[in-house]
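Asker: From the sequence below, what's the structure:
(one chain, ligands or ions: 1)
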Amino acid sequence: MGRRALSRKIKRVPPSPEAEALYVRLWIQEELHFHPERFPKLTSPELFGDTRPLELEVGCGTGEYLCALAAARPDVNFLGIDPVTKVLYFAARRAEELGLKNLRLLRSPIQVLFPLLAPDSLSAVYVHFPDPFVRSRGQHKVLNALFFEAIQRALAPGKVLNVVSDKAELFEEALRLALRQAGLERTHTERHLVGFEPEVKSRYQLKWERYELPALRFEMRKVPLLSKVGS
Ligand SMILES: C[S@@+](CC[C@H](N)C(=O)[O-])C[C@H]1O[C@@H](n2cnc3c(N)ncnc32)[C@H](O)[C@@H]1O
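Answerer: So this is what the prediction gives:
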């Protein structure tokens, strides 16, 4: 069974009205695209009304990994982004079961949200098992040069972007682009890492592990600001 079949198996079951209102933001795509200035920035003050650090998962899918992070670290806020409503509903139901207070889920392709990312605002960014192809409306390849540029700007200095994939070709291209991005540096001396063992694995990680596909991984840090010579 492929990725499309796996995604088709998820039913569109909304969470309770309270959980939907708390967790899910279904902003209108056309308005986001043409009038990003009408929307709040993706920051803790705007999304949560506090100043806790904010971590972002791009393509969070059904949210197993993100919800587990949010449950383990209540002092940090977590934002999951995905263009597909039914997977966000699934994640919201899980968040409600766990009683999470520090999670928001936003329906959108990441590209449309670049204008809403504030400089130096994110404490971590995760991209795990991104789609290797462009699927339907609203879904675009995530890991391109514009993505690394936008994430470099949005990460706080010293904070980290974590990419995991089981697709060697996609992974190699992403690593090449990430290494070319000014202001990002690899956190490891190896070219890339193999294996990813979080406490809670995502739907896709569990799926591909059954096929014994290795998880390829790299991590890039935003270079801390260098003080000017002589200043
Ligand atoms: C293979 S799934 C992986 C989901 C999750 N990270 C996991 O490990 O289970 C890829 C996810 O990326 C989402 N996606 C596709 N294009 C995207 C885009 N342009 N921006 C954000 N998410 C996107 C898809 O809807 C899908 O939920």
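Asker: What backbone torsions are found at residue 89?
Answerer: Backbone dihedrals for residue 89, given as degrees, to the nearest 10, come out at phi -60, psi -40.
Asker: Can you list the helices and strands that the longest strand along the chain packs against?
Answerer: In the chain, assigned by DSSP state E, the strand with the most residues is strand 155-165. The contact analysis (3 or more CB pairs under 8 Å, 6 or more residues apart in numbering; DSSP states H and E) places strand 155-165 against strand 122-128, helix 168-180, strand 216-222. (C-beta placed from N, C-alpha, C; glycine too.)
Asker: partner strands of the next helix or strand after the longest one, parallel or antiparallel?
Answerer: Next in sequence after helix 168-180, counting helices and strands by DSSP states H and E, comes strand 184-186. For strand 184-186, sheet partners with direction are given as strand 216-222 (antiparallel), following DSSP bridges.
Asker: I'd like the average pLDDT over the strand it pairs with.
Answerer: What strand 216-222 shows for mean pLDDT is 97.
Asker: Also compute the angle for it relative to strand 155-165, please.
Answerer: For the pair strand 216-222 and strand 155-165, the angle between their directions (axes from the mean of the first three to the mean of the last three CA atoms, to 10 degrees) equals 170 degrees.
Asker: Can stretch 121-130 be said to contact the ligand?
Answerer: Yes: against the ligand, stretch 121-130 shows contacts by CB under 6 Å from any ligand atom at 128, 129, 130.
Asker: List the contacts of that stretch.
Answerer: With contacts defined as CB atoms under 8 Å, 6 or more residues apart in numbering, stretch 121-130 is touched by 41-43, 53-59, 61, 65-66, 76, 141-143, 151, 154-156, 159-166, 170, 196, 202, 204-205, 208.
Asker: Buried ones among these?
Answerer: Among the contacts of stretch 121-130, the ones that count as buried by 16 or more other CB atoms under 10 Å are 42-43, 53-59, 61, 65-66, 76, 141-143, 151, 154-156, 159-166, 170, 196, 202, 204-205, 208.
Asker: gap between stretch 145-156 and the chain center?
Answerer: A distance of 12 Å separates the C-alpha centroid of stretch 145-156 from that of its chain, computed with CA atoms, centre = their mean, to the nearest Å.
Asker: From the chain's centroid, how far away is stretch 52-70?
Answerer: 7 Å.
Asker: Can you find the helix or strand in the chain with the smallest mean pLDDT?
Answerer: Of all helical and strand segments in the chain, the minimum by mean pLDDT, DSSP states H and E falls on helix 3-8, at a mean of 56.
Asker: Show me what secondary structure element comes after it.
Answerer: Reading on from helix 3-8 to the C-terminus, the next helix or strand found by DSSP H and E is helix 17-23.
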